[in-house]
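Asker: Sequence and predicted model, in that order:
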Amino acid sequence: MGREFLDVFDKWASYYDDTVTGADDEYREVFKNYPSILEQVASLAYGSVLEFGTGTGNLTEKLIKKGYKVTGIEPSAAMREIALKKLKGKATILDGDFLNFPVSRSFDSIVSTYAFHHLTDKEKEEAVTLYGKLLKRGGKIVLADTIYPTNKEYIQAIEGAKAAGFLNLAKDLQTEFYTTIPYLQEIFKENKFSAVFQRCNDFVWIINAVKTE
């Protein structure tokens with residue numbers, strides 16, 4: 001459910017914003033076009049928004065600027081503290097994760113960026129099923145995350161990171177739960193969502209899934 005990575009999140013919190021702006025060579029391509037990716041996700045959302053993995057609040061800021069009422073879910077206390085200072089009370093940020101969170105009401109949109117890979121494939125399926133119950137027909141799940149068209153391309157990404165000397169990136173790709181587009185397409189289809197995938201850089205895709213029933 002992502003909580004097994006809490007130590008990493010808490011340590012990363014103090015320099016996360018530096019990483020996403022390109023300070024870390026290993027992750028520069030992962031976060032290429034980061035502001036644009038967040039803007040696109042925010043533009044695809046609408047209405048009342050439930051955001052998972054708010055981190056330091058960068059997407060949350062963009063959602064608020066568009067006039068959305070945002071409820072954020074973040075398991076890292078260090079990340080939440082930074083986000084709350086940044087957002088100055090303009091959003092609610094609660095302790096929770098993708099599958100366990102203190103919210104039961106319905107939303108128009110559910111969003112997340114750079115975090116869905118913290119779930120195993122089975123947990124991703126559980127999450128989409130759960131979110132389908134929180135959305136009405138026409139509601140959206142909008143995700144930006146590292147995914148791959150095929151498992152072969154996923155393996156190639158790991159080998160490419162190793163060849164470039166990016167051993168931290170290679171370890172990350174092997175340790176967390178990166179998945180493939182066909183697997184996600186099937187999950188969304190089974191849960192009555194129509195999903196469109198848009199590539200943003202060599203790692204990240206935006207998924208725009210609309211509930212059809």
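Answerer: Happy to help now that I have it. Values in this document were obtained by computation on a predicted structure and should not be read as measured data. Numbering: from 1, shown residues only.
Asker: list the contacts for the residue of the chain positioned farthest from its centre?
Answerer: Distance from the centre of the chain peaks at residue 163, with 27.0 Å (Cα atoms, centre = their mean). Residues near residue 163 by Cβ atoms under 8 Å, 6 or more residues apart in numbering: none. From N, CA and C alone the C-beta is placed, and that goes for glycine too.
Asker: Check the gap between it and residue 25 for me.
Answerer: 14 Å (Cβ to Cβ, to the nearest Å).
Asker: Next, count neighbours for the residue nearest to residue 30 when sequence neighbours are not counted.
Answerer: Leaving aside its sequence neighbours, residue 30 sits nearest to residue 203 (Cβ to Cβ, 6 or more residues apart in numbering; 4.8 Å). As a burial measure, residue 203 scores 20 neighbours (other Cβ atoms under 10 Å).
Asker: which residues sit in contact with the residue nearest the centre of the chain?
Answerer: Compute the mean C-alpha point of the chain, and by Cα atoms, centre = their mean the closest residue is residue 113, 2.7 Å away. By Cβ under 8 Å, 6+ apart, the contact set of residue 113 is 37, 38, 41, 53, 59, 143, 144, 145.
Asker: ok, and for the lowest-mean-pLDDT helix or strand in the chain, which residues are buried?
Answerer: None of the helices or strands of the chain scores lower by mean pLDDT, DSSP states H and E than helix 6-12, at a mean of 75. Neighbour-count burial for helix 6-12, with 16 or more other Cβ atoms under 10 Å as criterion, is recorded at 9, 12.
Asker: neighbours around residue 130, how many?
Answerer: When neighbours are counted by other Cβ under 10 Å, residue 130 comes out with 15.
Asker: Now it: which helix or strand?
Answerer: helix 121-134 (DSSP states H and E).
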